[in-house]
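Chemist: Okay, here's the prediction I keep looking at, along with the sequence it came from:
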Amino acid sequence: MTLAPRQQQLLDRIHETGYASIDELAQAFAVTPQTIRRDINQLAELGLVRRTHGGAASEGSSTRNTAYSMRAEQMREEKQRIAEAVAAAIPDHASLFINIGTTTEAIARALLNHRGLKVITNNLHVAATLAGKDDFEVLVAGGMVRSDGGVVGQAAVDFIQQFKVDFALVGISGIDEDGSLLDFDFQEVRVSQTIIDNARQVFLAVDSSKFGRNAVVRLGSLSLVDRVFTDHAPPAAIAQQLQQQKIRLDIV
């Protein structure tokens, strides 16, 4: 099928950025949001994009994540709202795990007004953000350093297993409709599983573009999580999983 010129341009833009909201697309193409929604629906029916709440995402690959620089720019406002809500739920003088991800990096920035936190992380960006606070204690897992600042490998797993903390603040690359938590790097997943296993409460911070997103490595199920923070109500199948598991949902 041959796409209309605007639809092809819209598709190119979504593929270039990985995600685009309806509002930004409407502004970029000088049309109404309703027109953009119709275009997105047609592209989704052709399997060219994936509909999300408030926008569209590139179908991409289930085996390879979007580049870090691109992920850092996607859903910035939504991630900021999520980060502020997560930070508000963390008391002063708490102990925390924080894993890899641009959303958890936003959470680290939102935690800077707290006092007396002890943070164990495998994310060098998180460590760099929090290390300047005199009353924070920041511990970094050893292991292989990825280009996005994530630290993975058996050494990271062994390091994290030494601790039992109050809260794990975790991100994820995708949530399947059956409630599976999905990511791209099996080594990263092993570290995140260890983080979850050694925390008294697990907070999952996930923007709505991750609902229904495919990734090849299964971390576990939503049943591992105590509380989910997101920017939009999840699809019905995921919402049902949350309700069945009695997981608190915070929409910000």
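Modeler: Yep, that arrived.
Chemist: Break the protein into its domains for me.
Modeler: 5-60, 69-251 (automatic domain parsing).
Chemist: Of those, flag the one that's most buried.
Modeler: Counting by mean count of other C-beta atoms under 10 Å, domain 69-251 has the highest mean neighbour count of these, with a mean of 19. In short, each C-beta sits where N, CA and C put it, glycine included.
Chemist: hmm, back to that, going by mean pLDDT, which of the domains of the chain comes out lowest?
Modeler: Looking at those, the lowest mean pLDDT belongs to domain 5-60 (a mean of 84).
Chemist: Mind telling me what element I172 is part of?
Modeler: For I172, there is no host helix or strand (DSSP states H and E).
Chemist: S221 is in contact with that one, correct?
Modeler: No. The pair I172 / S221 is not scored as a contact, 11.4 Å apart, by C-beta atoms under 8 Å.
Chemist: shared neighbours of these two, anything?
Modeler: L181 (C-beta atoms under 8 Å, 6 or more residues apart in numbering).
Chemist: pretty sure L169 is in a helix, no?
Modeler: No. Counting by DSSP: H, G, I helix; E, B strand; the rest coil, L169 is not part of a helix but strand.
Chemist: In contact with it, which residues?
Modeler: L169 sits in contact with V86, I90, L96, F97, I98, N99, T104, I107, F203, A205, where contact means C-beta under 8 Å, 6+ apart.
Chemist: Recalculate using a threshold of 7 Å.
Modeler: V86, L96, F97, I98, T104, I107, F203, A205 (C-beta atoms under 7 Å, 6 or more residues apart in numbering).
Chemist: what are the ranges of the helices in the stretch 101-250 of the chain?
Modeler: Here the stretch 101-250 of the chain has its helices, by DSSP state H, counting those that start in this stretch, at 102-110, 124-130, 154-160, 186-197, 236-245.
Chemist: Can you say which of the ones you listed is nearest to R50?
Modeler: Minimum separation from R50 across those (C-beta to C-beta) falls at helix 236-245, 14.3 Å.
Chemist: Need the residues that contact the closest one.
Modeler: Outside helix 236-245, the residues that touch it by C-beta under 7 Å, 6+ apart are I175, E177, G179, F211, L222, S223, V228, A233, L249.
Chemist: re the thing from before, ok, so of the contacts of L169, who is nearest T121?
Modeler: I98 (4.5 Å).
Chemist: Who are the contact partners of R51?
Modeler: The neighbourhood of R51, defined by C-beta under 7 Å, 6+ apart, consists of I40, A44.
Chemist: for it, helix, strand, or coil?
Modeler: strand.
Chemist: from now on call the first residue 43
Modeler: Sounds good: first residue 43 from here, last item R93.
Chemist: Can you name the residues bridging to it?
Modeler: A98 (DSSP bridges).
Chemist: how close does it sit to S63?
Modeler: Distance, R93 to S63, using C-beta to C-beta, to the nearest Å: 12 Å.
Chemist: do the same with S137
Modeler: 36 Å.
Chemist: cool, Q204 as well?
Modeler: Q204 is 42 Å from S63, by C-beta to C-beta.
Chemist: How about I132?
Modeler: Taken as C-beta to C-beta, the span from I132 to S63 is 28 Å.
Chemist: nearest to V193, of the contacts of helix 278-287?
Modeler: I217 (23.8 Å).
Chemist: residues contacting the closest one?
Modeler: Counted by C-beta under 7 Å, 6+ apart, I217 has contacts L223, L224, V248, K252, F253, I280.
Chemist: Nearest to Q76 among those residues?
Modeler: F253 (22.3 Å).
Chemist: ok, for that closest one, nearest residue in space, not its chain neighbours?
Modeler: P276 (5.1 Å; C-beta to C-beta, 6 or more residues apart in numbering).
Chemist: residues in contact with G216?
Modeler: L224, K252, R255, N256, A257.
Chemist: how much space between the first one and H167?
Modeler: L224 sits 22 Å away from H167, going by C-beta to C-beta.
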